[in-house]
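> have a look; sequence and predicted model below, questions after that.
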Amino acid sequence: MNALMDGIKGNRFAVFGRAGMDMFADPVGVKSEDAETFRADLGGSSANICAGLVKLGSQATLITSVSDDAVGRFCLNRLQHYGVDTQYIRVLGGEYRMSLAVYESRIENFQNVIYRNGAVDFQVTEEDMDKIDYSAFTAAISAGTVFAAEPSRSATFRAFDNARAAGLPVIFDIDYRPYSWPSPEVAADVLSRAGEASDLIVGNDEEFGFMAGGIEKGFEKAKELAKAPGRIVIYKMGEQGAVTLMDGEEIRTGIYPVTAVKPNGAGDSFMAGLLASIAAGHSLRDAVMRGSACASIVVSQPGCAPAMPTTPELDAFLASHPGPTT
């Protein structure tokens, strides 16, 4: 576990996975089909994690592919706006396209329409991964969607191997999105392989349950994965908080209740807050709680990347909030 924590404390993250465009209905509460105005910003799990990390004082480099068109350039511009390093992003021509998420800022009957046809982020290759200077980083992060299709799947496993050879710990957000995968069986097998290759695994009860073949088996799956020496597993349960598993120990933590305006973006913000807080010297328990606070902040505001808090905003939230559930 020391190597994992030391890598996170190095605070220079190589992040694998997609960037995309988010379009969210404005104002808060309006349905997409009734909206006359939409706001556009950066989206995609890995891009959101990068934006969240940089806002909290970390260094993050996104490794992915973007389309050679206006939407690809928009996403590159927004990544650079947030301070994310884009040197390893390959611009790809042809018919490949960026992901697009069209959603709304409402909880009741929330709608999120995802466009992933010909997704350009699946076109990263093993050759792309071999061009990376892994010595420039102290930890590698991946979200699970990169494993949903080739050549991205093999490329990311190559990146895991390269990262480990360079002494970097591997951090894995399960991030199971059924629409990206050819079948549930393939997803369960590949995500389990990715988990076994990782030092820190973060997922929710449904994701661990999916990997285990039933939600009632999810916690046992998480505990099984946590048996590996030095590995940390964080099992999230929504409003019920989270259980952090390591070295036979269970750390149970609550959440910070807020009035949410949307459900999405919480997991990406949790990951960013968790890692940036460990890097800043907080204990693992406190880092999990700060990650939970980041998640609460993001669901209380429109958008994902723009809603990610800065360190002063996170500290102000914690100072003013009545406290977490137990």
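Great, that's in hand.

> mind listing the strands for the stretch 201-326 of the chain?
For the stretch 201-326 of the chain, the strands defined by DSSP state E, counting those that start in this stretch cover 232-236, 242-246, 249-253.

> now the first one - C-alpha only, CSV.
Provided in CSV are the C-alpha atoms of strand 232-236 (Å, rounded to 0.1, in the frame of the first residue of the first chain):
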residue,chain,number,x,y,z
ILE,A,232,-7.4,-0.6,-1.7
VAL,A,233,-11.0,-1.1,-2.8
ILE,A,234,-13.6,1.5,-2.3
TYR,A,235,-17.2,0.2,-2.4
LYS,A,236,-19.7,3.1,-2.8
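
> before we move on, back to that, could you dump the strands of the stretch 201-326 of the chain to TSV with mean neighbour count and distance to Asp121?
(C-beta placed from N, C-alpha, C; glycine too.) Shown next, in TSV, are those (neighbours: other C-beta atoms under 10 Å; distance: least, C-beta to C-beta, whole Å):
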stretch	mean neighbour count	distance to Asp121
strand 232-236	25	24
strand 242-246	22	28
strand 249-253	14	32
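
> any chance of those strands in a markdown table, with mean pLDDT and distance to Ser99 too?
A markdown table is the format used below for these (pLDDT from 0 to 100; distance: least, C-beta to C-beta, whole Å):
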| stretch | mean pLDDT | distance to Ser99 |
| --- | --- | --- |
| strand 232-236 | 99 | 23 |
| strand 242-246 | 98 | 27 |
| strand 249-253 | 97 | 31 |
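
> now these in CSV, with distance to Gly20?
Putting these into CSV (distance: least, C-beta to C-beta, whole Å) gives the following:
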stretch, distance to Gly20
strand 232-236, 23
strand 242-246, 26
strand 249-253, 30
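
> for the chain, which segments count as helices?
Remark: helices assigned in the chain by DSSP state H are 2-10, 45-55, 70-81, 126-130, 152-165, 184-196, 205-212, 218-225, 266-279, 284-299, 311-320.

> just name the most buried of these.
Highest mean neighbour count of the helices of the chain: helix 45-55, a mean of 29 (counted as mean count of other C-beta atoms under 10 Å).

> can you give the distance from it to the centre of its chain?
Relative to its chain's centre, helix 45-55 lies at 8 Å (C-alpha atoms, centre = their mean, to the nearest Å).
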